[in-house]
Each structure stands twice: as C-alpha cells, then as structure tokens.
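Q: sequence first, then the predicted structure, then my questions.
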Amino acid sequence: MEEAVLINTGGGVAGGDRLECSVTALPGASIAVTSQAAEKVYRALDDPARVATRLEAREFARLAWLPQETIVFNGARIHRTTGIELFSGAELLALEWLVLGRVARGEIMVGGSVLDGWRVKKDGRLIWADSFRISDEICVHLNRKALLSTFNSIATLVYFGPDLDRRLEFLREILSSLGCDCAVTKVSGLIVARFAAKQSSDLKLALRSFLQQFESEVGSGPFRVPKMWSC
C-alpha cells in the first residue's frame, strides 16, 4: 500500500494564491493521498485564494483522497473546486473538510468568503455536482438553525465502488457510533456522507472512526486512516 503526502512549503494560503493539484491512479493502481498538516487560509483583502484539485481513477484503480482539515480564519476568502473523473471498475474515496475558526482559541468567523464545489464525472458524463457557499452577508447568520447552528467544522465524503447498496446500509449502521452529526445517502451511483461537529477535534475523531470501520468493510487497501493524521 502506497501513501503520498502533499506539502505546502508556503506555510498557508493567502488571498490571490493559486494552488493546483492533480492525482491520477492508473489502471490497477492503489494509492492514498493526504497532506502533511492542516491547511490554513488567512485573511484576504480582495482576491480569494483559489485551490483546484483534480482526481482521476482509471479502470480498476483504487484511489483515496484524504487530506487533513482546511482551517478558514476570519476574513479569509477561498474558492475551492474538487473535480473527479471516474472510470468503470474504479474505486474512490474522497474527503474534504472545513474548520471555520478554531473554537479552542476563541476564533469566530464573522466575515469572509467560502465557495467549495464538487464535480464528479463517470466515463466522461457528469453524475454529481455540489456547491457550498458562504459570503460576508451570510457569515453573521451562520449560527442560525437553518444554516450551521452550533457547528463550525463540516466535512463531505464521496465514495464510488462496488456493492453500493450493502455499503450504504453498513455506513448507516455505524453513524450513531461516530459522535457527531452525520448522514449518508446514495445518489447517481455514489455514496455521499456529510459530517458536522462543534469542534475540529470532534470531527477528526469521527472521521478516524469512520475510516477505521469502513476499512473493515472494504478490506485492506488505501481506504484507511492515513499515517500522517497521527503525526
């Protein structure tokens, strides 16, 4: 099993920055990709930081995209896109998570901009698209129940692979053990899971537990807790 670790030598992301990452798992390959540490997005005056991730899982490849959290500071501006290309017979698990201020340090996000978009294609056809957006006007209302309520840490996880119905039922059975608010559904041949917690530490514990239990379901391979998460 191979695990690749991405490193941002810039020490964080600031307004106007452009980051691009592309990962291709060739036919029959098995690889997990993670990040060295949590990514930090700092206050921006005007231009947002733009982060683009492109993932491609070829025929019978197994690809896990499991970066650590992205911390968004007050006044930060980030536009992030995750584009995924899937081919028949591939298996993929992709995660992205956001922390809107570090609760343990008393940080609250009262201004800024976040645009987090997903686009998933299978054999060249778009099968799922999703966008999460926060603007300056919305930030002051995030604690409303219809929005994020008391949660400041959120995650989206996407799975594509065999036996979706059986694995969906398995995941629904373990959700209550994770210690955070979460739900899972199947849409357009994908499993999509959402997680929300009041603190990033609670979310990380939930995601670790999820991956540990999911690994027991799918067997050995890249779909497990990355070693870097313990460093």
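A: Good, I have the coordinates. Numbering: from 1, shown residues only.

Q: contacts and neighbour counts: CA atoms only from here.
A: OK.

Q: which residues touch the residue positioned nearest the centre of the chain?
A: Nearest to the geometric centre of the chain sits residue 96, at 1.0 Å (CA atoms, centre = their mean). Neighbour list for residue 96: 66-69, 155-157 [criterion: CA atoms under 8 Å, 6 or more residues apart in numbering].

Q: now what about the helix or strand encompassing residue 31, what contacts it?
A: Assessed by DSSP states H and E, residue 31 sits inside strand 30-35. For strand 30-35, contacts defined as CA under 8 Å, 6+ apart pick out 1-7, 25, 61-68, 221-223, 226, 228.

Q: what's across from residue 195 in the sheet?
A: Counting by DSSP bridges, residue 195 is bridged to residue 155, residue 182.

Q: how close does it get to residue 70?
A: Noted for residue 195: a distance of 14 Å to residue 70, by CA to CA, to the nearest Å.

Q: cool, and residue 19?
A: Taken as CA to CA, the span from residue 19 to residue 70 is 13 Å.

Q: and the two? which has more neighbours close in?
A: residue 70 (20 against 13; other CA atoms under 10 Å).

Q: buried residues in the longest helix seen in the chain, which are they?
A: Longest helix of the chain, by residue count under DSSP state H: helix 200-218. Across helix 200-218, burial judged by 16 or more other CA atoms under 10 Å covers 200, 202-204, 206-210, 213-215.

Q: so which elements touch it?
A: strand 153-160, helix 164-174, strand 190-197 (3 or more CA pairs under 8 Å, 6 or more residues apart in numbering; DSSP states H and E).

Q: would you list those in CSV and tack on mean neighbour count?
A: Converted to CSV, the helices and strands packed on helix 200-218 look like this (neighbours: other CA atoms under 10 Å):
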stretch, mean neighbour count
strand 153-160, 20
helix 164-174, 14
strand 190-197, 20
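
Q: out of those, which gets nearest to residue 136?
A: strand 153-160 (18.1 Å; CA to CA).

Q: starting at the chain centroid, how far to the closest one?
A: 5 Å (CA atoms, centre = their mean, to the nearest Å).

Q: ok, residues contacting it?
A: Contacts of strand 153-160 (CA under 8 Å, 6+ apart): 90-100, 189-200, 203.

Q: how about stretch 10-27?
A: Against stretch 10-27 from outside (CA under 8 Å, 6+ apart): 31, 39-63, 76-78.
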